[in-house]
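Enquirer: Quick one: sequence plus predicted model below, questions after.
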Amino acid sequence: MQELNFPIQFEFKITTLSNDFTAHDANGQLIAYVRQKMFKFKEDIEVFSDTSKTAKNYSIKADKWIDFSTAYSFTDRMGKPLGKVARKGWASLWKANYDIIDQNEKPQYKIREENAWVKVLDGIFGQIPIVSMFTGYFFNPSYVVFNEKQEKVVRLKKDPSFFGRRFTVSRLISSDADDDHRIMLSLMMLVLLERRKG
């Protein structure tokens, strides 16, 4: 990914079997195509420069098969470690909680779900026939990235849409370019995980 021009839009494809989405910047330029490999016991995600999949820029891999506290490591195209995002175990059952860790194993940022009730209501109304078709327009969770000073850096919010297809990433305050890419990879992983839960 080049220098990021916020807001970034994630849009999931609903016509493919694989769990994949594109990321476009504020100018509508494609900056990444994110694809989750199918039929893997551990999460294995590839981030390409475009939908042709000729240039893979990043890989995201889980360190465990199934666990509440799984960490997802980032590497660049040369296999160089860039950091990881780690789910905060039991704390994430009610409200999504993740830590973003740099390449030196130092915690840098935290991601927290803003309102857990949105997910609960979406789950309840999503079970009601016909009503479930419209929950994507009314229950839209959002997640905020905090720095060590507890300042809000970035927000990821689901846009009103059928099937939870679209998400917007907005910058709230500036951060380093290296951190921007680590944050973006973390949010890409988070959206894959949280979207499955509703």
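Expert: Alright, I've got the coordinates. Numbers count the residues shown, from 1 in each chain.
Enquirer: Please enumerate the strands of the protein.
Expert: For the chain, applying DSSP state E gives strands covering 8-12, 19-24, 30-36, 44-48, 56-62, 71-76, 81-87, 97-101, 107-113, 142-146, 152-158, 166-171.
Enquirer: In a markdown table: those strands, plus mean neighbour count.
Expert: Every C-beta, even on glycine, is put in place using the N, C-alpha and C of the backbone. Output for those, formatted as a markdown table (neighbours: other C-beta atoms under 10 Å):
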| stretch | mean neighbour count |
| --- | --- |
| strand 8-12 | 20 |
| strand 19-24 | 19 |
| strand 30-36 | 20 |
| strand 44-48 | 19 |
| strand 56-62 | 19 |
| strand 71-76 | 20 |
| strand 81-87 | 21 |
| strand 97-101 | 21 |
| strand 107-113 | 19 |
| strand 142-146 | 20 |
| strand 152-158 | 20 |
| strand 166-171 | 19 |
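Enquirer: what's the pLDDT at the closest residue in space to residue 177 that isn't next to it in sequence?
Expert: Nearest non-adjacent residue to residue 177, counting by C-beta to C-beta, 6 or more residues apart in numbering: residue 3, 6.4 Å away. At residue 3, the pLDDT value in this model is 76.
Enquirer: what stretches of the protein score poorly on pLDDT?
Expert: Segments of the chain classed as low confidence (criterion: pLDDT under 70) are 1-2, 15-18, 39-41, 64-69, 89-94, 116-139, 161-164, 196-198.
Enquirer: Determine the longest helix present in it.
Expert: Using DSSP state H, we find that the single longest helix of the chain is helix 177-196.
Enquirer: and the angle for that one with strand 142-146?
Expert: Here helix 177-196 points in a direction 150 degrees away from that of strand 142-146 (axes from the mean of the first three to the mean of the last three C-alpha atoms, to 10 degrees).
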